[in-house]
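Engineer: Pasting the sequence and the predicted coordinates here, then a few questions.
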Number of protein chains: 2
Amino acid sequence: MNYNIVTEDVLARLREICGENNVLTDRKKTEAYSHDETPKDRYAAFPEAVVLPRTSEEVARIVRLANDRLIPLTPRGAGSGLSGGAIPCCGGIVVSLENMDRVVEIDTENMMMVVESGVITNSVNERLKEAGLFFAGYPMSLETCCIGGNIAENAGGGKAVKYGVTGRYVMGIEMVTPTGRIVELGGKRVKDVTGYDLKKLIVGSEGTLGIVTRATLKLLPRPTAQVALLVLFDSAESAISVVPKIMTDTGVIPTGIEFMDQLSVKTSCSYLNEHLPYRDCGAMLLIEIDGADDRQVEDDYMKTGEICEKNGALQVYVADNHTTRERVWAVRRSIAEAFMAVSPQQSLEDIVVPTASIAELIPELAKLSDKYDLQIPCYGHAGDGNLHATLVKNPAHGMEQWREIEACCLKDLYGAVRKLGGAISGEHGIGSKRKAYLKDAVSDVELELMKSIKKAFDPNNIMNPGKIFDMDHCSTEQNPDAFP
Amino acid sequence: MNYNIVTEDVLARLREICGENNVLTDRKKTEAYSHDETPKDRYAAFPEAVVLPRTSEEVARIVRLANDRLIPLTPRGAGSGLSGGAIPCCGGIVVSLENMDRVVEIDTENMMMVVESGVITNSVNERLKEAGLFFAGYPMSLETCCIGGNIAENAGGGKAVKYGVTGRYVMGIEMVTPTGRIVELGGKRVKDVTGYDLKKLIVGSEGTLGIVTRATLKLLPRPTAQVALLVLFDSAESAISVVPKIMTDTGVIPTGIEFMDQLSVKTSCSYLNEHLPYRDCGAMLLIEIDGADDRQVEDDYMKTGEICEKNGALQVYVADNHTTRERVWAVRRSIAEAFMAVSPQQSLEDIVVPTASIAELIPELAKLSDKYDLQIPCYGHAGDGNLHATLVKNPAHGMEQWREIEACCLKDLYGAVRKLGGAISGEHGIGSKRKAYLKDAVSDVELELMKSIKKAFDPNNIMNPGKIFDMDHCSTEQNPDAFP
């Protein structure tokens, strides 16, 4: 099966649906929709058109048109993804949800919120402050990413140790199916076993099973006490080995346990022009603890600090006011961006292993760094076993050599991860970036089951094709009209 | 498509796979597998054979045989279900997991546990006591139900307000697909977006997408402080209306908030010969609060008690020792059983609405009770909006009249629930009992998507057919050889 191109006739229909100004074809304008946060020269691809619908009905009409004409669609939120999920790698039409950014309802009685997909994650919590509620999702890109993207990737982030990932809070979804029908899944019900739980399947399906237009999010009472500990260690190994002990030996479940190696902290501090006095230690943990009671939070962080000190921590700093906490978190949140600025030739990874196995993973990274003669800074959500090891191109290597090294090194890395009972993506997704590696990461039977679901939902394979896996009956060659 | 019967040849193959003693055909023995906790005369059906495999490989061989021969399979745990899910309503073979009851591993470092499906829920926590950990599932049947059944139904229970339902703790699944292939989904990873999250789809799919043979469960540090409040009100309305306020006005998230109306408490107390002094009030809430810190739990229950008193509670009793807590919980847990003993002619419902809407539901129940001249006692997990309203046959009505009244009353009840944004099952499942009502409870598009997944997983419709919905291309008539 081959896709059709976006003809003048199709464009006219799109303009009819969305209005003249909400259909973009000019390359100056569509460039912004040709990439996400993965390296541009590697993964970017231009769409033939970008549409900016304002209602679910418009989305449905666009999808029906594309399905009739066999034109690929790529749903897109803020484009802050790290696996190429929002890039139109088969060409066709990008459906940007940016104009669908309304907060539809804040229901304090049910502690739920209904939002359109294009709402920025951070603004959700801004809107909830007054009500004393909060949405527990906390991806590192929260200042730019949107709820639809969180749902597509089942975003994790810095608070998942205690609060879990996005899916836990998605109680309802409004979605346009790949054949253009609007369906409501779930609602304001905290429990529901009325048939298969389709919303759980949609969360994390990377926009390949439909376009989520609206979500009902479960909220929690906003924690009134929050403390961040910055714990310094002489080495990555000693920092990492304390992580599972924090929970098993104290019974405390921190909000998050973030790990940063020396290179990551230094790079981010330089990028932000931040002068943390402790940037020269070997590695650090950023541990956040929150709750409804000051004394309880204090008890918890005291216990946590003690267990760190007992297990080789050089120093435990307590950040108990908003400004200091924000300074520390800004360093953590900016690492990916900082490395991208330093070297766009890199592969930001998202491996995840059982939490107790991350200590075994760190020496593997050192071995790979030696073997392939490149730097592999490492940081991430250690409390979840989810590490963003990043392969950075050695300036001494040429581009061709780097491509080869990257592929071999990833294969070795993923092999080591699998041996430890891990997986190749904890929160960034497979997208187009990791697609080639999926068949080694999951069993044939699992992959077949996934594909059978995709086929059942999207018989023409028009919905975000070329992501996660290729469908056997469809062509998903890289768009010849790729960037630049 | 018509199913084939279990011939002597098939029985010989089953004996070869499982051993002579693990294949049952004698009606005295298979009777126990012909029903669950739904009324026998209504839903029971005899299997042609029951098999008791001991390994996943044996399960896979049984499934391949049944798939080749087009014989329906019904996976079964403890048979404590309330929607007919484990009843072989199309005949064929019951696959009982009761012999697969091993605790495979307790991994304290990762706070995970690997168990076979036949492990009894309560015994999981018995085994974890020493490690200071616990599994947060708490279905009311925990003394008899097994983990496989919890997973099939995505069981809720008495601790879901704080801890959520079963699915939150299922990190990995080993399953035999309907075509007889063993597949591992997930593992000891707390985050994972490596392709579609199939394990989340399997949880709550009522054994229609495969037979779960093994599960990896996430554990939590065992709470060391626990208090139950028994709060008395003069009416169901006043008890129910305080429920959402507990969370929104205090910020406390109780472990569970259970509701029992007068009739439910009285019936259960008589059944247990329990003499609670407060059984004559109009309705009561059983509120459990737990945590890692005595003082915090005390603070929380004081706040909770106060908000109840401010909102019309007649009396707040504090049960802060294990024995008293157990006495109170035993009354709550035994209600279903007590009503079944009093009147087997009943329909135990499992409706769920947004938590703040349950106050609007209570008067609807009173109206229906008047309209159809029958008692509708009501109890359940009020903190989740999940109520077990139970239609009890009026002894003055004949059987035929009761059947008619039941159908009409359910239609009205489900209609009222839907109007409030609710659904027809919060934790018991659709099974065969509610199948006829599913098409009014979810949209056509949602139902089609569900069926398309079923077809993709189980092309021959041999896996627990006749549950949740009927497949258009398959006959799922009630087994003519039904009980008795």
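Structural biologist: Received, thanks.

Engineer: so who does A:I253 touch?
Structural biologist: Applying CB atoms under 8 Å, 6 or more residues apart in numbering or on different chains, one finds that A:I253 lies in contact with A:161-162, A:247, B:220-221. Heads up, the C-betas are built off the backbone N, CA and C, glycines and all.

Engineer: In helices, which of those fall?
Structural biologist: Among the contacts of A:I253, the members found in helices (DSSP state H) are A:161-162, A:247.

Engineer: what sits against the spatially most central residue of chain A?
Structural biologist: With distances taken as CA atoms, centre = their mean, the residue of chain A nearest its centroid is A:H428 (3.7 Å). Counting by CB under 8 Å, 6+ apart, A:H428 makes contact with A:81-83, A:153, A:348, A:350, B:193.

Engineer: wait, is it part of a strand?
Structural biologist: No - the assignment for A:H428, made by DSSP: H, G, I helix; E, B strand; the rest coil, is coil rather than a strand.

Engineer: Buried residues, the lowest-mean-pLDDT helix or strand in chain A. List them.
Structural biologist: Within chain A, no helix or strand scores below helix A:335-342, which has a mean of 88 by mean pLDDT, DSSP states H and E. In terms of neighbour count (16 or more other CB atoms under 10 Å in any protein chain shown), helix A:335-342 has its buried residues at A:335-340.

Engineer: end to end, how far does stretch A:77-95 reach?
Structural biologist: 9 Å (CA to CA, to the nearest Å).

Engineer: mind listing what's buried in that stretch?
Structural biologist: Quick answer for stretch A:77-95 (16+ other CB under 10 Å): A:77-95.

Engineer: Scan chain A for its longest helix.
Structural biologist: Identified as the longest helix of chain A according to DSSP H is helix A:399-419.

Engineer: From the contact counts, what lies against that helix?
Structural biologist: strand A:351-352, helix A:358-372, strand A:390-392, helix A:435-441 (3 or more CB pairs under 8 Å, 6 or more residues apart in numbering or on different chains; DSSP states H and E).

Engineer: swap the cut-off to 10 Å and go again
Structural biologist: On a contact count with 3 or more CB pairs under 10 Å, 6 or more residues apart in numbering or on different chains; DSSP states H and E, helix A:399-419 meets helix A:40-43, strand A:346-348, strand A:351-352, helix A:358-372, strand A:390-392, helix A:435-441.

Engineer: Need the ones you listed in a markdown table (columns: distance to A:E448).
Structural biologist: Below are those laid out as a markdown table (distance: least, CB to CB, whole Å):
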| stretch | distance to A:E448 |
| --- | --- |
| helix A:40-43 | 26 |
| strand A:346-348 | 28 |
| strand A:351-352 | 23 |
| helix A:358-372 | 29 |
| strand A:390-392 | 30 |
| helix A:435-441 | 11 |
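
Engineer: Now for the residue nearest to A:H35 when sequence neighbours are not counted, how many residues are close by?
Structural biologist: The spatial neighbour of A:H35 that comes closest, neighbours along the chain excluded (CB to CB, 6 or more residues apart in numbering or on different chains), is A:A44 at 3.9 Å. Here the count is done by other CB atoms under 10 Å in any protein chain shown, and A:A44 has 21 residues near it.

Engineer: With A:E20 instead?
Structural biologist: Burial of A:E20 is recorded as 8 neighbouring residues (other CB under 10 Å).

Engineer: Does anything pack onto the host helix or strand of A:V10? Which helices or strands?
Structural biologist: With elements taken from DSSP states H and E, the one containing A:V10 is helix A:8-18. Packing partners of helix A:8-18 (3+ CB pairs under 10 Å, 6+ apart): strand A:23-24, strand A:49-51, helix A:56-69, strand A:93-96.

Engineer: Show me which residues of that helix are buried.
Structural biologist: The neighbour-count check on helix A:8-18 (16+ other CB under 10 Å) flags A:10-11, A:13-14, A:17-18 as buried.

Engineer: Return the member of those nearest to chain B.
Structural biologist: Nearest to chain B, judged by CB to the nearest CB, of the buried residues of helix A:8-18 is A:I17 at 20.4 Å.

Engineer: I figured that closest one was touching A:E57, is that so?
Structural biologist: Yes - in terms of CB atoms under 10 Å, A:I17 counts as a neighbour of A:E57; the distance is 9.1 Å.

Engineer: quick revisit: adding secondary structure, write the contacts of A:H428 out as a markdown table.
Structural biologist: Listed next are the contacts of A:H428 as a markdown table, based on three-state DSSP:
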| residue | secondary structure |
| --- | --- |
| A:G81 | coil |
| A:L82 | coil |
| A:S83 | coil |
| A:E153 | helix |
| A:L348 | strand |
| A:D350 | strand |
| B:V193 | coil |
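
Engineer: In TSV, list these along with pLDDT.
Structural biologist: TSV is the format used below for these (pLDDT from 0 to 100):
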residue	pLDDT
A:G81	96
A:L82	96
A:S83	97
A:E153	98
A:L348	95
A:D350	97
B:V193	97
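
Engineer: Next, format these as JSON lines and append distance to A:H35.
Structural biologist: Listed next are these as JSON lines, based on distance: CB to CB, whole Å:
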{"residue": "A:G81", "distance to A:H35": "10"}
{"residue": "A:L82", "distance to A:H35": "12"}
{"residue": "A:S83", "distance to A:H35": "12"}
{"residue": "A:E153", "distance to A:H35": "16"}
{"residue": "A:L348", "distance to A:H35": "14"}
{"residue": "A:D350", "distance to A:H35": "18"}
{"residue": "B:V193", "distance to A:H35": "21"}
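
Engineer: Tell me the residue of the stretch 1-150 of chain A that sits nearest chain B?
Structural biologist: A:E109 (3.8 Å).

Engineer: For the nearest residue to that residue once chain neighbours are set aside, list the residues it contacts.
Structural biologist: Leaving out its chain neighbours, the residue that sits closest to A:E109 by CB to CB, 6+ apart is B:A356, at 3.8 Å. Shown in contact with B:A356 (CB atoms under 10 Å, 6 or more residues apart in numbering or on different chains): A:107-112, A:188, B:241, B:243-245, B:248, B:385, B:420-421.
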